[in-house]
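**Q** no FASTA, just this:
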């Protein structure tokens, strides 16, 4: 395919993408396929001769789409949101074209420098303490990681390296293994200090944990993967209070800040804590500026060597939405979750299981776990909406997460009516079962 | 930005991308900017109000492009290639639109299943032993990692978990730390068993290493990050002989197989070795099919939880090029490197420093390291082409890597004439310096 054909096919793909996202509400949110559905639909090996774009795009509808869980459907309320916005998609196209691998400053200066500045912009949007920012001569700074798991692992390895070196300096006789055996990583109920857990979006109190870590000289890493985006709104910023005690902090703009995956934002107070743990300097990566102190080689901040030009997505999104547009987006989602919460409260058969702070509502039918498992089974086999559960203190709970960029009040209300209807059927069927009548509910659930 | 505006702007971006790639030859391959160039060009914080797409795209040319190292210029011969093709870019657009996070089968069945089948297709293209393929009931299989570093780390952790469990089963009294202290990871001169090293593209002999690992029950991970793509050509496949002894193998289609970054292909003989080390099963990720044995939850195969629909890129590229098209692409690059090698041989002032097997030529001026450092400095300050060096047995060596998808014989010849010219200037300046005449060469090199 040459540039000429790409111009044509690229524009067709732009329309396909727009059609898909405009029409995603009309697609069944969760697919009907069974495991192993795809293999028989494809040849057993790659073709020897080239095929046409038309062949492939036809197969997208025929083979791929029937097996897609539509995360951007306004009826998708599962897991947590994953970001999707047009500005981010435009930036990703540009990122693909430039196609640089920004492991060092020299490998593409713009890639490194835009990332540093965008991480400062984002840090300021969150009102992170200035010590986390790179600025012109700061000791801290931000880096884009691929995921919160990577950010946590990087923080853990940096902390381990720091404490090991410190102990070895104090007692040169200690082996690394002896030290490792004694090292303890403290974690909360849902792992590292967490703002907005996956199960129920609960918050650790950093103002309690932080001073203890500081006193005991313990590395404090704070993970706000989902919730972090909300801190750009002044009314939610208090949830981040105490971050000044942290050594490292991260959250995922690729969840709730309209920057398509992957973009996990991580800041450290002392960038040398990271670079000391990961430094890699073979001669083919050396460049004339690297010891100037002015520049950043991001390969020392992360596990992989390679990295894409992901800050373009942040730049496009921040500018085309503006801070106010992003705040409005967060507020709309929070408002919708409270709307759902209010609906649940109105039905005495249901209960809310955790405080609704941001965009997640944890709820259940009053009654047994089995009853709620049956309800979820009915919901997910009907496939009109999609939810996932969690366990909270041994209770089986349904999670209703506001996810899609296009979800509106009408979708939330329809979803609730649908859930209520299924609950009525379920409770009715159970009553009949207890009364000895035949139960038809089991057949529905067996179709999952 | 709504779908309507995206249709318009997306098509403009398609043209921008095509213009960029068609015109990249005319841009200076390495930028003129100094560290810190970008920050003063941007506001100190994100805008409060939205800006327009026109504003941003203007800034791309004004602010970003002057700081880009153009990896896809046909005058870029540095590092190793990073893949760029139109079919992969089209697939990435689709990937962004679907925007699913495929950590489990249920999170988007097509995302998981296409990956498994594409890894089988690719494994067959390489004629990997069948034991590495998933097939319909295999114990092995492939996974897309973000980078070769991640693949190596995953292999290392899997190996460590396996041997630790094995030793603890044999001697229940051993603590994990005691075992860890004794564990040894053997590595070659350039780390893990490597096919195609970064410095000079040398190859470990797996037929020697493999049987020893098998006898000693040592996990053998083979990394062919760059070279692996060449193994789709029968004439290069012998370099992979002995892979049958490996427990895990990986290479990067995002380097040399036209699948844009990131796409690092990794296979294991026993998928339970990976899933045993990484298994993560909170209730919100459970789904009704997961224990059926038929399905794959890729989150157990990798460090991050999230993952994009990267197999679409492989599918588009394999189909639109066909195996023959991909083979032709590899062969063209190898032929160009041999063409450059022949040119170097013709000039008695130069020497070839390592066998040219694939697309990399290591060469130098006969003489001191200082002389070759000066030559590289002249090359990279002239900025007509871009190279990076390496050290081979204490010699400072210049690496000439065939990188761009659009590089032709004419570019290679121009590059060589340019290098020869600079060498003549340099040697002339040195002669004059020795003869006591003023040296003007130092001024050129100081402009880097």
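**A** Received the coordinates, thanks. Note that this is a predicted model, so its numbers are computed, not measured.
**Q** okay, residue A:110: pLDDT?
**A** As predicted, residue A:110 sits at a pLDDT of 97.
**Q** isn't it right next to residue B:62, touching?
**A** No: Residue A:110 is beyond contact range of residue B:62, at 11.3 Å (criterion: Cβ atoms under 8 Å). Just so you know, the C-beta spots here come from the backbone N, C-alpha and C atoms, and that holds for glycine as well.
**Q** the more surrounded of those two?
**A** Neighbours per residue (other Cβ atoms under 10 Å in any protein chain shown) separate residue A:110 from residue B:62, with residue A:110 holding more: 26 against 10.
**Q** what's near enough to touch the residue nearest to residue A:109 when sequence neighbours are not counted?
**A** In space, residue A:109 comes closest to residue B:67 once its chain neighbours are excluded; the distance is 4.3 Å by Cβ to Cβ, 6 or more residues apart in numbering or on different chains. Contacts for residue B:67 (Cβ atoms under 8 Å, 6 or more residues apart in numbering or on different chains) come out as A:108, A:109, A:110, A:113, B:31, B:33, B:37, B:38.
**Q** check residue A:140 too.
**A** A:131, A:132, A:133, A:134, A:267, A:268, A:269, A:270, A:271.
**Q** make it 10 Å
**A** Contacts of residue A:140 were listed using Cβ atoms under 10 Å, 6 or more residues apart in numbering or on different chains, and they are A:119-120, A:123, A:128-134, A:247-248, A:267-273.
**Q** which of the residues you listed are buried? Put it as a PyMOL command.
**A** Selection of the buried residues among the contacts of residue A:140 in PyMOL, burial being defined by 16 or more other Cβ atoms under 10 Å in any protein chain shown:
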select buried, chain A and resi 119+120+123+128+129+132+133+134+247+248+267+268+269+270+271+273
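**Q** narrow the contacts of residue A:140 to those in helices?
**A** If you go by DSSP state H, these have A:119, A:120, A:123, A:271, A:272, A:273 in helices.
**Q** could you dump these to a markdown table with distance to residue A:226?
**A** Shown next, in a markdown table, are the ones in helices among the contacts of residue A:140 (distance: Cβ to Cβ, whole Å):
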| residue | distance to residue A:226 |
| --- | --- |
| A:119 | 19 |
| A:120 | 22 |
| A:123 | 18 |
| A:271 | 26 |
| A:272 | 30 |
| A:273 | 25 |
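**Q** which of those residues are close to chain B?
**A** A:120, A:123 (Cβ under 10 Å from any Cβ of the partner chain).
**Q** dump the ones in helices among the contacts of residue A:140 to TSV, plus pLDDT.
**A** As requested, the ones in helices among the contacts of residue A:140 are exported to TSV (pLDDT from 0 to 100):
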residue	pLDDT
A:119	97
A:120	97
A:123	98
A:271	89
A:272	88
A:273	87
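**Q** next one: stretch A:155-174 to chain centre, how far?
**A** Relative to its chain's centre, stretch A:155-174 lies at 32 Å (Cα atoms, centre = their mean, to the nearest Å).
**Q** in it, what's buried?
**A** Buried, per 16+ other Cβ under 10 Å, within stretch A:155-174: A:155, A:156, A:158, A:159, A:160, A:162, A:163, A:164, A:167.
**Q** and which of the residues you listed is nearest chain B?
**A** Closest approach between these and chain B, by Cβ to the nearest Cβ: residue A:156, at 11.8 Å.
**Q** what distance do you get for the closest one to residue A:131?
**A** Distance check for residue A:156 against residue A:131: by Cβ to Cβ, to the nearest Å, it reads 21 Å.
**Q** now the residue of the stretch 201-350 of chain A found nearest chain B. Nearest residue, chain neighbours left out?
**A** Sorted by distance to chain B under Cβ to the nearest Cβ, the residues of the stretch 201-350 of chain A start with residue A:304, at 3.5 Å. Among residues not flanking residue A:304 along the chain, residue B:147 sits closest, at 3.5 Å (Cβ to Cβ, 6+ apart).
**Q** contacting residues around that neighbour?
**A** Neighbours of residue B:147 in contact, by Cβ under 10 Å, 6+ apart: A:101, A:103, A:146, A:302-307, B:153, B:225, B:250, B:252, B:254, B:261-264.
**Q** same thing but at 7 Å, please
**A** Neighbouring residues of residue B:147 by Cβ atoms under 7 Å, 6 or more residues apart in numbering or on different chains: A:304, A:305, A:306, B:262, B:264.
**Q** cool, and residue A:300?
**A** Counting by Cβ under 7 Å, 6+ apart, residue A:300 makes contact with A:274, A:275, A:278, A:279, A:280.
**Q** from those residues, pick the one nearest residue B:321.
**A** Residue B:321 has its nearest neighbour among the contacts of residue A:300 in residue A:280, at 33.2 Å by Cβ to Cβ.
**Q** secondary structure element for residue A:390?
**A** In the assignment (DSSP states H and E), residue A:390 maps to strand A:388-392.
**Q** still on that earlier bit, and the pLDDT at the residue nearest to residue A:304?
**A** 90.
**Q** now it. Its backbone dihedrals?
**A** The phi/psi pair for residue B:147 (degrees, to the nearest 10) reads phi -160, psi 160.
**Q** and the gap between it and residue B:341?
**A** According to Cβ to Cβ, residue B:147 stands 29 Å off from residue B:341.
**Q** how many residues are close by residue A:138?
**A** 16.
**Q** can you give me the pLDDT of it?
**A** Reported pLDDT for residue A:138: 87.
**Q** got it, and residue A:443?
**A** pLDDT, read off for residue A:443, is 34.
**Q** picking up where we left off before, just the contacts of residue B:147 now: which is nearest residue A:284?
**A** Using Cβ to Cβ, the shortest approach to residue A:284 within the contacts of residue B:147 belongs to residue A:305, at 11.2 Å.
**Q** the closest one reaches residue B:149, doesn't it?
**A** Yes: using Cβ atoms under 7 Å, residue A:305 is in contact with residue B:149, at 5.5 Å.
**Q** low-confidence ranges in chain A?
**A** For chain A, residues meeting the criterion pLDDT under 70 lie at A:187-190, A:280, A:289-294, A:437-448.
**Q** residues contacting residue A:255?
**A** A:80, A:81, A:82, A:83, A:225, A:226, A:229.
**Q** out of those, who has the most neighbours?
**A** That'd be residue A:229 among the contacts of residue A:255, by other Cβ under 10 Å, with 32 neighbours.
**Q** the helix or strand harbouring residue A:340: what's the following helix or strand?
**A** Assigned by DSSP H and E, residue A:340 belongs to helix A:311-346. Counting by DSSP H and E, the next helix or strand C-terminal to helix A:311-346 is strand A:350-352.
**Q** so what touches that next one?
**A** Contact with strand A:350-352 is made by A:341, A:344, A:345, A:361, A:363, A:364, A:365, A:366, as judged by Cβ under 7 Å, 6+ apart.
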